[in-house]
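Colleague: Sequence and predicted structure are below.
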Amino acid sequence: MLKYFYSIITLLTCLQLSAQESFDSKQTTSSNVRLTVTNIGTFGNSLDGYRDGTGNPSCEYPAGSGIEHLFESGIWLGGISNNGIAVSTSAYDNTSGYTPGAPGFEMTAELGAALIERSSLFDSKFYDPRAVSHQDFIARFSDKNDRVPTASGDGPFIQNHDNIMNVDVTMETYNWNFNFSDFMVIVNIECVNNGANTYEDFYAALWGNTVVRNVNLTPAGSGGAEFYNKGGNGFMDSLSMAYCYDAQGDLGFTESYIGQRFLGGQDKNGFHHPKLDSTFNLQTQKWELDDFNLIYNAWTFNGTADPIYFFPGNEQARYAKMVNGLNQHPCWDDPTGSACTGSISRDIQAEINTAGNRSDLVSAGPFADFAPGDTISFAFAYVLARKNDDGNPNSDNTYEQRLNLMSNSTWAQQAFNGEDQNFNGVLDSAEDSNGDGILTRYILPTPPETPHTRVIPGDNSIDIYWADNSRNTIDPISNEKDFEGFRVYLSKLGFDVEGVQDLAQSFNLISEYDIKANGFFKETGFDSVRLASPKYFDGDTTAYLYKYSVENIPNGWQYAVAITAFDRGNPE
């Protein structure tokens, strides 16, 4: 018996919280990344999905591969007020992952504050015109509670959470199913100071314990600490991105990277990014940061005595990690230079590139004085990528091996930039593509709407019907109807028996049709696939105007087919 897939869409049922709960989580499903997102600002699930029977991934890429990239991650906020240093974190080094009331898990959601899901896709049951991406998750939480909210009010006290900042956070995550962007999840954060204190030297950070392993080969957590201590780490200043890969664990079965990239921030003084808040030193031939810094730190998960990799066990230590980075160390760029001698002499980048279990932190700031009523926003991206094969061992971590990661992270930055084409943080007159006078971010080049498709299996054949809905799509950047044509794809024979099923890699283009006599593409026209009259099916009101038949294929095998629409393209 044949099976035919003409649309593969996974929808998550919205889990409503009971009156006793203040924690909710979901997994991203639009992109090729399966990242667990919670309503308290944590990411990943400490690989619990492989132990509690749910099978929920922590940060799997590609989807269905069993290649995990993250134990747990979360946001950090820190500053200095009249009461001293205050740091509030949503996640922290903890061998059990999120634990209500444990130190470092200081963000809480109110009762019933479930994750909200929205989608910009018209055929999604979560469609909402306010959606930014194909799948948005929206969460609201704060650090204002000294104990975990419960209906009875007797939730556990949050340990060591004494210097409460009273910051309310709105967090939105975005992911898309486009093949040029399905490797990333963007995290957009807005913080409002609803307390009484003003915080100077305010920093925002993304902490993560990245662990890249193939759980189909090595079960999650097997061997205890030995499972987690195989990662190599690094930081690319030019891309504002930390990254991790498998340096010693399941080599050959984990050919991928995970990156944490800072995209930009905004406060009452305007937009901030290291590329804007810097000057070029003619003497040293390097960019030097003036007012706004990007800090990178790494340390052995949950403890080390090394003076530069120390575990930040209290607020003062955590803040120190947020404001002073390894990438500012005299030995960071030149371990053999004159500035890297004596007791500080070491090759830090080589040290963190060796196998280990590390937490890493990407911190940005300082933002303007964070006074009562002020708002600060910032964004990070989780970027995943397959290693580029350069013929060297997986553990080498060469520049060539990181090429896909660098390219993918550029798409994350482009999505964040949106209308800000020259990346100066303001909307110039020529950039206002939708004419609303507001700088719109999170815009990607968007193909026409996916054609409504119907697939009918036959004897040694497949009939594919599709509708005309794509032709009226308006591009969100150019505001033009730029539809050009359709492409027909068929999967490779036996694609479904491979260990990792990646349809994007398995599809073959078998036919293409485009508008005739307009100077674009193949000039084929649509006469050979356009029906003389619309085709209707029982229980389906869609008018199908086109038909393509796949002939002479063997029975008894599973195939995937797809119809896509494409536009004329725009180099700008």
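Modeller: Ah, there it is.

Colleague: tell me, how many neighbours does the closest residue to E255 other than its chain neighbours end up with?
Modeller: Nearest residue to E255 in three dimensions, chain neighbours excluded: K387, at 4.5 Å (C-beta to C-beta, 6 or more residues apart in numbering). Every C-beta, even on glycine, is put in place using the N, C-alpha and C of the backbone. K387 has 22 neighbouring residues, counting by other C-beta atoms under 10 Å.

Colleague: now do the one 4 residues further on
Modeller: Burial of G391, expressed as a neighbour count using other C-beta under 10 Å, amounts to 8.

Colleague: And the helices in the stretch 101-250 of the chain, which stretches?
Modeller: 225-228 (DSSP state H, counting those that start in this stretch).

Colleague: for the stretch 401-550 of the chain, same thing?
Modeller: Using DSSP H, counting those that start in this stretch, helices in the stretch 401-550 of the chain cover 403-417, 503-506.

Colleague: To T218, which of these lies closest?
Modeller: When the helices of the stretch 401-550 of the chain are compared by C-beta to C-beta, helix 403-417 sits nearest T218, at 22.8 Å.

Colleague: in the closest one, what counts as buried?
Modeller: 404-406, 408-409, 411-417 (16 or more other C-beta atoms under 10 Å).

Colleague: By mean pLDDT, flag the weakest helix or strand of the chain.
Modeller: Counting by mean pLDDT, DSSP states H and E, the chain has its least confident helix or strand at strand 4-5, which shows a mean of 32.

Colleague: And the next helix or strand past that strand?
Modeller: strand 25-27 (DSSP states H and E).

Colleague: Please determine how far the residue positioned nearest the centre of the chain is located from P62.
Modeller: Note on the chain: the residue nearest the mean C-alpha position is V185, at 1.8 Å, using C-alpha atoms, centre = their mean. Using C-beta to C-beta, to the nearest Å, V185 is found at 14 Å from P62.

Colleague: just T300 next, same as before
Modeller: With distances taken as C-beta to C-beta, T300 is found 29 Å from P62.

Colleague: Kindly report the same for T38.
Modeller: Noted for T38: a distance of 23 Å to P62, by C-beta to C-beta.

Colleague: Those two: which is more packed in?
Modeller: Each of T38 and P62 has its neighbours counted (other C-beta under 10 Å); T38 has more, 25 against 22.

Colleague: Next, the contact list for that one, please.
Modeller: Applying C-beta atoms under 8 Å, 6 or more residues apart in numbering to T38 gives the contacts 23-25, 98, 115, 139.

Colleague: now those as TSV including distance to I158 and neighbour count?
Modeller: Shown next, in TSV, are the contacts of T38 (distance: C-beta to C-beta, whole Å; neighbours: other C-beta atoms under 10 Å):
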residue	distance to I158	neighbour count
F23	13	19
D24	18	21
S25	19	21
Y98	12	22
L115	21	24
A139	18	24
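
Colleague: Return the closest of the residues you listed with respect to N193.
Modeller: Using C-beta to C-beta, A139 comes nearest to N193 of the contacts of T38, at 18.6 Å.

Colleague: gap between that closest one and D24?
Modeller: As for A139, its distance to D24 is 8 Å (criterion: C-beta to C-beta).

Colleague: Between the two, which contacts overlap?
Modeller: Common neighbours of A139 and D24, using C-beta under 8 Å, 6+ apart, are 38-39, 109, 113, 115.

Colleague: In those residues, find the pair that's most separated.
Modeller: T38 and A113 (11.1 Å).

Colleague: Find the residues that touch each one of those two.
Modeller: Joint contacts of T38 and A113 (C-beta under 8 Å, 6+ apart) are 24, 139.

Colleague: these two touch, right, the residue nearest to the centre of the chain and A379?
Modeller: No: V185 is beyond contact range of A379, at 11.3 Å (criterion: C-beta atoms under 8 Å).
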